[in-house]
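Asker: Using only what follows, build the 3D model:
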Amino acid sequence: MTSKFALVIANTEYQDTSFAKLTAPGRDAEEFAQVLRNLASFTDVQVLLNEGEGKTRRSIARFFAERKRDDLLLLYFSGHGVRNDVGQLFLAANDTEINILEASGIPADFVTQSMNNSRSQRQLLILDCCNSGAFAYGSKSASAVGKSMGTASAFEGSGFGRVVLTATDATQYAWEGDKVIGDTQKSVFTHFLIEGLKGEADRDGDGRIHVDELYDYAHEQVVSRTPKQTPSKWSYKQQGDILLRENLPPREVKPAPLPSDLLELLSHPNSSVRKVGIQDLIGLLNGKHLGLARGAEEKLREIAENDDSFSFRKIASEALTAHGLIGEQPALFKIPEEQKEVKKPIEKPVAKPTSESPSSLGRSQSAPKERQGEGISPRTALDKKKIASSVNYRFFAGITGGLILIALCLWARIILFNNAAILSPDLAHTTQPPIIRTITSTQFFVSITRTPTPPAMTETPRPTTTFLPPETGKDGMTLLYVPSGEFTMGSDDGASDAKPVHTVFLDAFWIDKTEVTVRMYYLCVEAGVCDEPTNISSYTHSSYYGNAEFDDYPVINVDWNMAKTYCEWVDRRLPTEAEWEKAARGETANVYPWGNTFDGSHVNFCDTNCSFEYADKSFDDGFADVAPVGSYPNGASPYGAYDMAGNVWEWVNDWYSETYYSSAPSSAPEGPNSGQYRVLRGGSWYFIGYDVRSAFRLRLDPSVTNDDMGFRCSRSP
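Answerer: Numbers count the residues shown, from 1 in each chain. Predicted coordinates for the structure are as follows:
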């Protein structure tokens, strides 16, 4: 196990009056040792203050002996350093006599030999002494400058992993404040070593301080304040970084600049892309790089307080709260009054208006409260007060009302079924009975029954065959057959993650004809399997999910796991990225599902109805955000799938990798085994024509939801 040891030596008092008295070393040594103990987590820190040559020499020898290879050893000396007349460097102890340096001083050769004999390969020597011995015989005369042989050669030695830091180079004084020798309280060099270890030296913001970072910080600060003094550093056979501190508290770490590509995402005009950036920020909060975590925190605070988007402010605030960075969400995250007026609770169906019965679709009593009629959720149960008051009617009135209710139910069933047959012949003839909307005296609510009678699946279906597998009849989705064979995947004209273009073989599969609708998803919620969407609104409609007007629109505000759960509930699965792309573009590698030329009349995208600056004003698709599924039959894929360009982004099963296409198998690729993001395909109403191409890939955290994100399912034969 790696341990860190330090020996701190300082001398302020000298018996030989030839040595000038120093004031800084004592205070320097005490504070430096305290920082090493408390902040840098050194296992053992010894301090020698004004000790004699014998004890100092033995302490140095003992300090380097009996150490392990990975132990970090730090020797710090503050005091006088002198040279004899032949240029040999000595560190002066309390009892060193200047006339007999060889007998009373501590030779640099002795220190070097002790370091050489140590098994440790991580050694740091810090010398904060006048000229590191450049002044002959301790003379303060400028005429002595230049007679030193230099510190580098004095401590070079033959060991490994040695770093030497000095307060000056070989021809300079060491300054105490603004004097070479005086009454100041602290050495400039040691002062900034201490400040650096306290956290200032962590320039890259990773919460760790390496010896190179410490030196760079001290050098910069010393030179800026005392140009007459230039610290120096030498490394001898250093192998890797010498880590001095690695436990900086997050609040002491300076925010690091965020990556430029992340800043580009955060400034993108498209909300889906911006949301990717915000999720990346949240990911950095959990990262090991504390500086980036602090930078991400500051950016999230900026978004939480100032962003124009209420949903983004809310996401940022919730992330900061979840990480304990704010105690509670500020008032600005409360829903504006104008939104409160339009986002009203939508009532949920019940079979019998009694105060104790579960919903008409069999929701269990163990379901979460918000799914049992409490809180704002689609189609909530009848108000209990209304139910309670109804039982006060006389028995005769109850019987009469019941007969009227039955008559109204039968009338509504006939009318709605006829309307459904006119609007959607396929629905009336081949897929399912319609949804029956039963009218009561207090409200509308939905009672859904499904008794599908699908045609049998042929053994060799043609590419255009559609069918409703008996075992997946829960939602009434029409599936399209995509035959086995090769197709061209990727694009050389797009982003780097869509390259290279490559040929992929896929077995036959079935894919949903449309995106999963609000009505279909609601069935899964009512079955107690799926979670309700995270927001009942669309971009322009305050009441979307749960509003019968939007039953045939794509479900939105669902994350990857919610989409996966739904597909499994209907005995299908999310398509692989390769399956999705083949179903969208066919074997001919079309740029768009309908061909190679963009046509705004074939797709729901950001056109003249879009309120954003980048909108393409040359088209008018008739919708300001999502459109009913199948609204653009001319934009169908070669296999007949609707809305595989635009309308909503569609989750697929694969993890995202920017370089996966260059290494993906040529047969039935299923994406990387793991990752941080999942893939969405197809673009949305929020995007322009370039981004609804069949080869365009979007990566998002699988927990993200948005008002332009949905899905469709697939199935193996």
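
Asker: my read: Arg162 touches Gln123, true?
Answerer: Yes. Using CB atoms under 8 Å, Arg162 is in contact with Gln123, at 4.7 Å. C-betas here are computed from N, CA, C, even on glycine.

Asker: Please identify every residue contacting each of these two.
Answerer: Met115 (CB atoms under 8 Å, 6 or more residues apart in numbering).

Asker: so Thr503 bridges to which residues?
Answerer: Beta bridges link Thr503 to Thr488, judged by DSSP bridges.

Asker: measure it to Ala583 for me?
Answerer: 17 Å (CB to CB, to the nearest Å).

Asker: repeat for Asp261
Answerer: 31 Å.

Asker: okay, the two: which has more neighbours?
Answerer: Using other CB atoms under 10 Å, the more surrounded residue of Asp261 and Ala583 is Ala583, with 28 against 9.

Asker: where does the nearest residue to the more buried one once chain neighbours are set aside land in three-state SS?
Answerer: Among residues not flanking Ala583 along the chain, Ile511 sits closest, at 4.6 Å (CB to CB, 6 or more residues apart in numbering). Using DSSP: H, G, I helix; E, B strand; the rest coil, the structure places Ile511 in strand.

Asker: And stretch 195-203, end to end?
Answerer: Stretch 195-203 has an end-to-end distance of 13 Å (CA to CA, to the nearest Å).

Asker: where are the low-confidence patches of the stretch 451-600 of the chain?
Answerer: 451-473 (pLDDT under 70).

Asker: 50 - rerun?
Answerer: Scanning the stretch 451-600 of the chain for pLDDT under 50 picks out 451-472.

Asker: where exactly do the strands run in it?
Answerer: 466-467, 479-482, 485-489, 502-506, 509-512 (DSSP state E, counting those that start in this stretch).

Asker: With distance to Ser78 and mean neighbour count added, can I get these in a markdown table?
Answerer: A markdown table is the format used below for the strands of the stretch 451-600 of the chain (distance: least, CB to CB, whole Å; neighbours: other CB atoms under 10 Å):
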| stretch | distance to Ser78 | mean neighbour count |
| --- | --- | --- |
| strand 466-467 | 86 | 18 |
| strand 479-482 | 78 | 24 |
| strand 485-489 | 67 | 17 |
| strand 502-506 | 65 | 17 |
| strand 509-512 | 75 | 25 |
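
Asker: Count the neighbours of Thr534 for me.
Answerer: Thr534: 17 neighbours (other CB under 10 Å).

Asker: Leu73 now?
Answerer: 23.

Asker: just Asp308 next, same as before
Answerer: Counted with other CB under 10 Å, Asp308 comes out at 7.

Asker: ok, which stretches of the stretch 101-250 of the chain are strands?
Answerer: In the stretch 101-250 of the chain, the strands defined using DSSP E, counting those that start in this stretch lie at 106-107, 122-129, 162-166, 209-210, 232-236, 243-245.

Asker: Give me the helices and strands touching the third one, please.
Answerer: When you say that, I think you mean strand 162-166. On a contact count with 3 or more CB pairs under 8 Å, 6 or more residues apart in numbering; DSSP states H and E, strand 162-166 meets strand 122-129, helix 151-154, helix 211-225, strand 232-236.

Asker: how many degrees apart are the third one and strand 122-129 in direction?
Answerer: In terms of direction (axes from the mean of the first three to the mean of the last three CA atoms, to 10 degrees), helix 211-225 departs from strand 122-129 by 20 degrees.

Asker: Check which residues of helix 211-225 are buried.
Answerer: Val211, Glu213, Leu214, Tyr215, Asp216, Tyr217, Ala218, His219, Gln221, Val222 (16 or more other CB atoms under 10 Å).

Asker: could you redo the strands of the stretch 451-600 of the chain as a markdown table and give each row distance to Leu193?
Answerer: Below are these laid out as a markdown table (distance: least, CB to CB, whole Å):
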| stretch | distance to Leu193 |
| --- | --- |
| strand 466-467 | 76 |
| strand 479-482 | 68 |
| strand 485-489 | 58 |
| strand 502-506 | 56 |
| strand 509-512 | 65 |
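
Asker: Among the ones you listed, which comes closest to Lys55?
Answerer: strand 502-506 (74.0 Å; CB to CB).

Asker: contacts for that closest one?
Answerer: 482, 484-490, 578-579, 582, 661, 664, 666-669.

Asker: what angle do it and strand 485-489 make?
Answerer: Going by the same axes, to 10 degrees, strand 502-506 makes 140 degrees with strand 485-489.

Asker: any idea how far the nearest residue to Ser657 once chain neighbours are set aside lies from Asn286?
Answerer: Nearest non-adjacent residue to Ser657, counting by CB to CB, 6+ apart: Pro672, 4.6 Å away. Taking CB to CB as the measure, Pro672 and Asn286 are separated by 20 Å.

Asker: Between those two, tell me which one has more neighbours.
Answerer: Shown here are Pro672 and Asn286; by other CB under 10 Å, Pro672 has more neighbours (14 against 9).

Asker: That one reaches Tyr660, doesn't it?
Answerer: Yes. Between Pro672 and Tyr660 there is a contact under CB under 8 Å: 5.8 Å.

Asker: Can you tell me which of the strands of the stretch 101-250 of the chain is nearest to Val82?
Answerer: strand 122-129 (8.8 Å).

Asker: hmm, back to that, of all the helices and strands packed on strand 162-166, which one comes closest to Arg203?
Answerer: Comparing the helices and strands packed on strand 162-166 by CB to CB, helix 211-225 comes nearest, at 5.8 Å.

Asker: tell me which element the residue nearest to Ser657 is part of?
Answerer: For Pro672, there is no helix or strand it lies in under DSSP states H and E.

Asker: The closest residue to Ala627 other than its chain neighbours: neighbour count?
Answerer: Closest residue to Ala627 apart from its sequence neighbours, by CB to CB, 6+ apart: Asn604 at 4.4 Å. Close neighbours of Asn604, defined as other CB under 10 Å, add up to 28.

Asker: Begin at 21, not 1, for the rest of this chat.
Answerer: Got it, the first residue is 21 from now on, which makes the last one we talked about Asn624.

Asker: how near is Asn624 to Ala604?
Answerer: Computed as CB to CB, the Asn624 to Ala604 distance reads 15 Å.

Asker: again with Trp614
Answerer: 10 Å.

Asker: Spit out the contact partners of Phe110.
Answerer: With CB under 8 Å, 6+ apart, Phe110 has these contacts: Gly101, Val102, Arg103, Asn104, Thr116, Leu121, Glu122, Gly125, Ile126, Pro127, Ala128, Gly153.

Asker: Are any of these buried, and if so which?
Answerer: The buried subset of the contacts of Phe110 - by 16+ other CB under 10 Å - is Gly101, Val102, Arg103, Asn104, Thr116, Leu121, Gly125, Ile126, Pro127, Ala128, Gly153.

Asker: Comparing Trp614 and Ala604, which shows the higher neighbour count?
Answerer: Ala604 (24 against 20).

Asker: Please look at that one and Pro613 and confirm they touch.
Answerer: Yes. The pair Ala604 / Pro613 is scored as a contact, 5.2 Å apart, by CB under 8 Å.

Asker: joint contacts of those two?
Answerer: In contact with both Ala604 and Pro613: Ser657, Ala661, Met664, Ala665, Ser714, using CB under 8 Å, 6+ apart.

Asker: Thank you kindly, that will do.
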